[in-house]
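J.: Here is the input, now give the coordinates:
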Amino acid sequence: MLKWNGEEIKKKLQAEVEMRLEILGVDAVSAANNLCPYDKGRLRGSITYATKNKASSVSGSAKSGDEVEKPSKNGVVRIGTNVEYAAIQEFGGEIRAKNAPYLTFKIDGHWVRVKQVKIGGKFYLKGGMQQTEKVVKQIMSFNL
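T.: A predicted model of the protein is given here:
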């Protein structure tokens, strides 16, 4: 007599997919960290991954709450950060003074006053994902 083990097989497959997604998450975070601009380390330390069941934690100068949120679905890995200036570092853009006539900051020990600054995109998250894409098929291929 044949016994149906569908639920057991489904659970094992889900666990295997989860483990492989975690491997991809670790790899993508590592690649993004290598490309990430670095000043005090908060942005770099905040780049994390999350699957539905597990999330990596922030490190270094990053704060609790900087990490990426968990996805709501199984079979998904999310890589990113919740640091407020992450998007301008990733995509670039223009920063303008809002509450004063000038932006004021130090460069090489000298104070500078400007009305706006342009920041070029660093594409550290995109670059990290592109580097990880090369191994996705290898990691996610199943040998059943």
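J.: since we're on the spatially closest residue to residue 117 that is not a sequence neighbour, how many residues are nearby?
T.: Closest residue to residue 117 apart from its sequence neighbours, by C-beta to C-beta, 6 or more residues apart in numbering: residue 95 at 5.2 Å. For glycine as for every other residue, the C-beta is placed from the backbone atoms N, C-alpha and C. Neighbourhood size, residue 95 [other C-beta atoms under 10 Å]: 13.
J.: Check residue 2 too.
T.: Residue 2: 4 neighbours (other C-beta under 10 Å).
J.: Surely it is in a helix?
T.: No. According to DSSP: H, G, I helix; E, B strand; the rest coil, residue 2 belongs to no helix; its state is coil.
J.: on that earlier part again, name every strand pairing with the strand or helix carrying the residue nearest to residue 117 and say which way it goes.
T.: Here residue 95 sits within strand 92-96, counting by DSSP states H and E. Next to strand 92-96 in the sheet, as set by DSSP bridges, lie strand 116-120 (antiparallel).
J.: chain center to the very next helix or strand once past the strand it pairs with: distance?
T.: Downstream of strand 116-120, the next assigned helix or strand under DSSP H and E is helix 124-140. Here the centre of helix 124-140 is set off from its chain's centre by 12 Å, with C-alpha atoms, centre = their mean, to the nearest Å.
J.: In helix 124-140, which residues are buried?
T.: When burial is assessed from 16 or more other C-beta atoms under 10 Å, helix 124-140 yields the following buried residues: 124-125, 127-129, 131-132.
J.: So, low pLDDT: which residues of the chain?
T.: Residue ranges of the chain with pLDDT under 70: 142-144.
J.: Residue 71 reaches residue 50, doesn't it?
T.: Yes. Counting by C-beta atoms under 8 Å, residue 71 touches residue 50, with 6.6 Å between them.
J.: still on that earlier bit, report the distance from the strand holding residue 95 to the chain centre.
T.: Worked out by C-alpha atoms, centre = their mean, strand 92-96 lies 21 Å from the chain centre.
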